[in-house]
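Student: What follows is a protein structure lacking sequence information:
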C-alpha cells in the first residue's frame, strides 16, 4: 500500500478539526447585551399581548435563555415591564418636547402633531405598550402622563398667546388639555387605520385647532344657556 505523504494527511485532517471547533464554540452575550435583548423581546410581547397575558416563560423562550436569567436582570415581569414603559415614556416625551422648542404657535402645533404621529409610525410596538391598560401603571408611567406633561408645555405657549390677544391667560390650561387630547385621541385612532398619511392627518388637526383658535371669542357662551 502506497504511503500517503505527511502534508496530504494534514490537509485532510484540517477541515475536520475546523468543523469540530465551529460546532462547539458559542458566542456569549455580555450582561448589558443580554439585558437589551430581553428588553427588546419584552417590549414586543407586551405590545402584542399586554401585561397580564405576557409571561416570563415566553420572554425566556424567545430569548433562548432560562427563566432565572430574566429574573436576575429584572426581578420578574413587573420589573421588565417598568423598564420598557419608562423607556417609551422618555422617548415619546423627548420627541414632543424637542418639537415644542422653536417656531410660532402654529408651527409648534404642527411639529408636535407630527412628532406624535412619527413616534406611532416608527415605534408602533412602544406606542402599543403605552396605550394598553395595566394594573401597574402609575401617575408618572403611562401615555396619559406623557400627554399631561406635553399639555403643561403647551399651556405656557398658549398663555403667552392669550395674553398678547387680551384673553384670560388662566384658561390656557383648559385649552392646552383640549388640544393635546384631540391630537392624542386622533393618534390612537390612526395607530390602527394608518391612513391618510401622517402629514395629512397633522395638517387637518392643525386646520381644526388653529383656525378655531384664530377666531376665539374673548368670553364664549353656550347658545342653549341663553334660551
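Tutor: Yes, it's here. Note that the coordinates shown come from a computational prediction; the quantities given were computed from them, not determined experimentally.

Student: what about the helices in this protein?
Tutor: Assigned by DSSP state H, the helices in the chain fall at 6-24, 31-49, 56-63, 67-74, 77-99, 105-122, 124-131, 143-165, 172-193, 198-213.

Student: worst average pLDDT in the ones you listed?
Tutor: Taking each of the helices of the chain in turn, the one with the lowest mean pLDDT is helix 6-24, at a mean of 50.

Student: Contacts only, for residue 121.
Tutor: Under the criterion of CB atoms under 8 Å, 6 or more residues apart in numbering, the neighbours of residue 121 are 194, 198. C-beta coordinates here come from the backbone N, C-alpha and C atoms, glycine included.

Student: again, 10 Å this time
Tutor: Residue 121 sits next to 114, 127, 190-191, 194, 197-198 when contact means CB atoms under 10 Å, 6 or more residues apart in numbering.

Student: now these: which count as buried?
Tutor: By neighbour count, with 16 or more other CB atoms under 10 Å, the contacts of residue 121 hold 114, 127, 190, 198 as buried.

Student: May I see the contacts of residue 121 organised as TSV, with distance to residue 59 added?
Tutor: Shown next, in TSV, are these (distance: CB to CB, whole Å):
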residue	distance to residue 59
114	33
127	20
190	29
191	24
194	28
197	34
198	31
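
Student: follow-up on the earlier one: would CSV of the helices of the chain with distance to residue 220 be doable?
Tutor: Output for the helices of the chain, formatted as CSV (distance: least, CB to CB, whole Å):
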stretch, distance to residue 220
helix 6-24, 75
helix 31-49, 41
helix 56-63, 52
helix 67-74, 51
helix 77-99, 28
helix 105-122, 19
helix 124-131, 32
helix 143-165, 13
helix 172-193, 11
helix 198-213, 11
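
Student: Could you identify the most distant pair in the buried ones among the contacts of residue 121?
Tutor: 114 and 127 (14.6 Å; CB to CB).
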